[in-house]
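In: Let's see this in three dimensions:
(chains A, B, C and D)
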There are 2 protein chains.
Amino acid sequence: MQRPVPALQNSLLEALPPADLALFAPQLVPVELERGRLLYDPGDPIEHVFFPHDGVISLMTLMENGAAIESTTIGPEGALGLMAAVAPRQSLSRAIVQTPLRAARIGAERLHEAWERSPALRDLVDRHTEALYGHAIQSVACNALHSVEERFCRWLLTCHDRISTDTIALTQEFLADMLGVQRTTVTAVARSLQEKGMIRYRRGVVDVVDRQALQQFTCECYGVIRGTYRRLLGSEPPAEKGERPPRRAAGG
Amino acid sequence: MQRPVPALQNSLLEALPPADLALFAPQLVPVELERGRLLYDPGDPIEHVFFPHDGVISLMTLMENGAAIESTTIGPEGALGLMAAVAPRQSLSRAIVQTPLRAARIGAERLHEAWERSPALRDLVDRHTEALYGHAIQSVACNALHSVEERFCRWLLTCHDRISTDTIALTQEFLADMLGVQRTTVTAVARSLQEKGMIRYRRGVVDVVDRQALQQFTCECYGVIRGTYRRLLGSEPPAEKGERPPRRAAGG
DNA sequence: CCATCAGAGTCGAGTACTCGACAGTCTTGT
DNA sequence: ACAAGACTGTCGAGTACTCGACTCTGATGG
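Out: Now for the predicted structure:
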């Protein structure tokens, strides 16, 4: 695991042909953002696009009473605000940094200029948009059908896939908000998972102990969403962490 | 209400400058589709794009056990399969005709050719995609937070907005599926709404009796989704049916 | 050392919805 | 006229989650 800090880990950037990447690579600014940082609220103009290398951004739908339900997440397999490469856009969601984040940032207009000149980038943006939509509609069904326990497991796995540690800073209160349930419900579920040896919980921190067990307990949505990203972007969230790598169809 | 059958009612087609529309208008085929018709299942290649004039198509997320939860709807304010104008795509959802549908249909490749030549069409496709995404993420939150009664009302209003009658053919069983709840729950809610005089229910048919009351009973999601379409596509589902027109900011 | 506070644990009453079963009713075909 | 099937109504036990209230614990700062 000891390696020199890699220059690039974002799957989208890596998927671009070097010549296309070169169109905007000079404008990419490496940033490190702390947990909890608010990047966008609904209605905010999208001025920057973020390509995460390591870490998770949560996209949340904001309700009138202040409730904020997580709709999708952005990690190293994607980018935040990428639709703004096509044309100026306002954010529809609240975007919050969920785990300490290393990312590459670029001004939306700069990226737009590259977008105009690069068919490969245009194609990537389109497929990313489609994958994000696929993520969202799976969450629609998940929230209608699946238990808090299943969704809790899915959330942990999704986050764990996108970071390089087994430890996630996260209060039960905040998770309850994102899942749209009471904190007491999260407490009960967390205790149950801890008793089963799948996670360890301490003040504001969860440790993922048994990934495989989490995968057995979560709903199909976890796998479906991974599959959507893989199919549309030809990559998956990078962290495999001991599970066998999913088969990749040759030339698929 | 008596008027000659209009040549066009789809908002997207109407929003295009005549010269851009002319690029593919000759290939548009008018179709009438019966209720229940299956247009796409997940994985199906999108060969045709449908522009509804009158009627509703439901997009549903299909689960492994066969459950099909409605994620978004397509009506005269939008189009089905529009992302296939950009590049060949597979459907992510099941698409079913929800009410008798008049629409214009075009082959995806034909539309793609127009898309290549028309910046206005490209822009429209992008904004439609964004609106559909906005619809989906609002449904994510709605399914996490709101009661079956609220979602029932939202469904009725959304459908009612997009058709030209007050009568909707719809079994409780099917609605229960789309909302992801038990049929008995739908029965109870339907009875409650009927007792309040908001709807009338008979075998497989609902009549919308008191639209205003439905709007008071539904959740904010109904209005939010309408607003998203209006903002991004400069139009709303056409039917106003006696409600006062939503204020439109001058030049907004 | 103490005070403060954020975060987690617990408890209990209440509610919304599930799930299976069965009865009633309307529609259609023969 | 009759059967068959589709749709709705109802009932009751069970469960998941809500909601408010209160306590406990660990971290932080003065």
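
In: Please state the backbone phi and psi of A:F24?
Out: Dihedral angles of A:F24 (phi, psi; degrees, to the nearest 10) stand at phi -130, psi 0.

In: give me the number of residues near it?
Out: Using other C-beta atoms under 10 Å in any protein chain shown, A:F24 has 24 neighbouring residues. C-betas here are computed from N, CA, C, even on glycine.

In: and the gap between it and DNA strand D?
Out: 40 Å (C-beta to the nearest atom of the strand, to the nearest Å).

In: and that residue, what pLDDT?
Out: Looking at A:F24, its pLDDT stands at 98.

In: quick one: contacts for it?
Out: A:I106, A:R110, A:L111, A:E113, A:A114 (C-beta atoms under 8 Å, 6 or more residues apart in numbering or on different chains).

In: Quick check: the two most widely separated of these?
Out: Maximum pairwise distance in the contacts of A:F24, criterion C-beta to C-beta, is 10.3 Å, between A:I106 and A:E113.

In: circling back: so which of the contacts of A:F24 belong to helices?
Out: Taking DSSP state H, the ones among these that sit in helices are A:R110, A:L111, A:E113, A:A114.

In: Report the buried members of the residues you listed.
Out: The neighbour count (16 or more other C-beta atoms under 10 Å in any protein chain shown) marks A:R110, A:L111, A:A114 as buried among these.

In: Do I have it right that the second one meets A:V49?
Out: Going back to what we said before, that points to A:L111. Yes: contact between A:L111 and A:V49 holds when scored by C-beta atoms under 8 Å: they sit 5.3 Å apart.

In: From B:T158, how far off is the residue lying closest to A:L59 once chain neighbours are set aside?
Out: Once flanking residues are discounted, A:L59 sits nearest to A:S93: 4.2 Å by C-beta to C-beta, 6 or more residues apart in numbering or on different chains. Distance of A:S93 to B:T158, computed by C-beta to C-beta, to the nearest Å: 21 Å.

In: before we move on, what about A:Q212?
Out: Counting by C-beta to C-beta, the gap from A:Q212 to B:T158 is 41 Å.

In: Have a look at the two and say which one is more surrounded.
Out: For A:Q212 versus B:T158, neighbours defined as other C-beta under 10 Å are more numerous around B:T158 (23 against 10).

In: Not counting sequence-adjacent ones, nearest residue to the more buried one?
Out: Nearest to B:T158 is B:T73, by C-beta to C-beta, 6+ apart, at 5.7 Å.

In: Point out the residues in the stretch 51-200 of chain A that sit beside chain B.
Out: Counting by C-beta under 8 Å from any C-beta of the partner chain, the residues of the stretch 51-200 of chain A lying close to chain B are A:59, A:61, A:63-64, A:67, A:69-72, A:83, A:86-87, A:89, A:92-93, A:123, A:126, A:129-130, A:132-134, A:136-141, A:143-145, A:179-181.

In: So which of those are in helices?
Out: Per DSSP H, helices hold the following members of these: A:123, A:126, A:129-130, A:132-134, A:136-141, A:143-145, A:179.

In: Buried among those? Make that a ChimeraX selection.
Out: Buried residues within those, by 16+ other C-beta under 10 Å, are selected in ChimeraX with:
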select /A:126,129,130,132,133,134,136,137,138,139,140,141,143,144,145,179
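
In: Provide the strand pairings for the helix or strand hosting A:R200, with the direction of each partner.
Out: Following DSSP states H and E, one finds A:R200 within strand A:199-202. The pairing partners recorded for strand A:199-202 under DSSP bridges are strand A:205-208 (antiparallel).

In: So for the helix or strand following the partner strand, what gets flagged as buried?
Out: The helix or strand immediately downstream of strand A:205-208 is helix A:211-217, counting by DSSP H and E. For helix A:211-217, burial by neighbour count (16+ other C-beta under 10 Å) applies to A:R211, A:A213, A:L214, A:F217.

In: And the residues you listed, which is closest to B:A19?
Out: Closest approach between these and B:A19, by C-beta to C-beta: A:L214, at 55.6 Å.

In: Contacts only, for the residue lying closest to A:L111 once chain neighbours are set aside.
Out: For A:L111, ignoring the flanking residues on the chain, the nearest one in space by C-beta to C-beta, 6+ apart is A:A85 at 4.4 Å. Listed by C-beta under 8 Å, 6+ apart, the contact set of A:A85 reads A:V49, A:A108, A:L111, A:H112, A:A114, A:W115, A:L121, A:V125.

In: Could you check how far A:A85 is from B:D207?
Out: In terms of C-beta to C-beta, A:A85 sits 47 Å off from B:D207.
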